[in-house]
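**Q** return atomic coordinates for the entry below.
(2 chains)
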Protein chains: 2
Amino acid sequence: MDFSKLDGLVPAVVQDAESDEVLMVGFMNEHALAETMRTRFATFFSRTRGKLWTKGETSGNRLEVTEILVDCDDDTVLLKVKRLGDGAVCHTGQRSCFFRALPEDAEGAL
Amino acid sequence: MDFSKLDGLVPAVVQDAESDEVLMVGFMNEHALAETMRTRFATFFSRTRGKLWTKGETSGNRLEVTEILVDCDDDTVLLKVKRLGDGAVCHTGQRSCFFRALPEDAEGAL
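**A** Have a look, this model is predicted:
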């Protein structure tokens, strides 16, 4: 993995292994990826708090990782996961963090 | 959108609108997002070349954007796309850039 492009981080896309929904995007440093591989629970590096966090460590809505894919230039990972707990991945209570569409503009483009 | 967390960029996850495959992840600055919205073709900011590029501008394998979703904290976008050209999104000729799995370690974890 190439952690050099974003100061030691790579984006980690989280996709539901069953429904194929994209649930969230977090960032991982090398330690977060190693912890994810060791524990099988998705673990990220919080850019705002400056430390590792395991998704669902307080809510119980952990993400059990079933597969980790790496992209062609080794700077992004894709986690296939099983949602545990009540299945809400977003802190707002939604299943996915991507629940809002960008509005169309006046010309009818996206 | 909050472009402040990554020096003016946000990650852009590209998902096939039909098959739900995650195809690639690029980065967008405000201009790339505006161009994507205006042209409906996925356009990114190249961190290595320091300029905008429209996916498929040379190969013809453009990505027609059918929907743009924004995540809960406004710092990541998810593009639903239709693959044009021969449908290969990765420069290696694969449909998706995520075609390699991380190997399991000696303990049988991921």
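**Q** going forward, measure contacts and count neighbours with C-alpha atoms only.
**A** OK.
**Q** these two touch, right, A:V13 and A:V77?
**A** Yes: look at A:V13 against A:V77 with Cα atoms under 8 Å: they come within range, at 6.3 Å.
**Q** which of these two has more neighbours?
**A** A:V77 (27 against 23; other Cα atoms under 10 Å in any protein chain shown).
**Q** quick one: A:A32 is in a strand?
**A** No: using DSSP: H, G, I helix; E, B strand; the rest coil, the secondary structure at A:A32 is helix, not a strand.
**Q** what is the neighbour count of it?
**A** Other residues near A:A32 come to 21 when the count uses other Cα under 10 Å.
**Q** I figured it hits A:T43, correct?
**A** Yes: using Cα under 8 Å, A:A32 is in contact with A:T43, at 5.5 Å.
**Q** which neighbours do the two share?
**A** Applying Cα atoms under 8 Å, 6 or more residues apart in numbering or on different chains, one finds that A:A32 and A:T43 are jointly contacted by A:L52.
**Q** with adjacent residues omitted, what lies nearest to A:K51?
**A** Among residues not flanking A:K51 along the chain, A:F45 sits closest, at 5.5 Å (Cα to Cα, 6 or more residues apart in numbering or on different chains).
**Q** repeat that for A:G60.
**A** Nearest one to A:G60, counting by Cα to Cα, 6+ apart, is A:G85 at 5.5 Å.
**Q** also A:A88?
**A** Among residues not flanking A:A88 along the chain, A:R95 sits closest, at 4.3 Å (Cα to Cα, 6+ apart).
**Q** so that neighbour lies in a helix, does it not?
**A** No: using three-state DSSP, the secondary structure at A:R95 is coil, not a helix.
**Q** which residues of chain A score low on pLDDT?
**A** Of all residues in chain A, those with pLDDT under 70 make up the ranges A:104-110.
**Q** can you show me the strands along it?
**A** A:10-16, A:22-28, A:43-46, A:51-54, A:63-70, A:77-83, A:100-101 (DSSP state E).
**Q** make TSV out of those strands and add distance to B:E18.
**A** Shown next, in TSV, are the strands of chain A (distance: least, Cα to Cα, whole Å):
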stretch	distance to B:E18
strand A:10-16	15
strand A:22-28	14
strand A:43-46	29
strand A:51-54	31
strand A:63-70	20
strand A:77-83	18
strand A:100-101	17
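**Q** measure the residue nearest to A:K51 to chain B for me?
**A** In this structure, A:F45 and chain B are 14 Å apart, going by Cα to the nearest Cα, to the nearest Å.
**Q** contact residues of chain A facing chain B?
**A** Residues of chain A that fall close to chain B, judged by Cα under 8 Å from any Cα of the partner chain: A:11, A:13, A:20-21, A:24-25, A:37-40, A:66-72, A:76-78, A:90, A:92, A:97-102, A:109-110.
**Q** for PyMOL, what selects the buried ones among those residues?
**A** Burial among these is assessed by 16 or more other Cα atoms under 10 Å in any protein chain shown; the matching PyMOL selection reads:
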select buried, chain A and resi 11+13+20+21+24+25+37+40+66+67+68+69+70+71+72+76+77+78+90+97+98+110
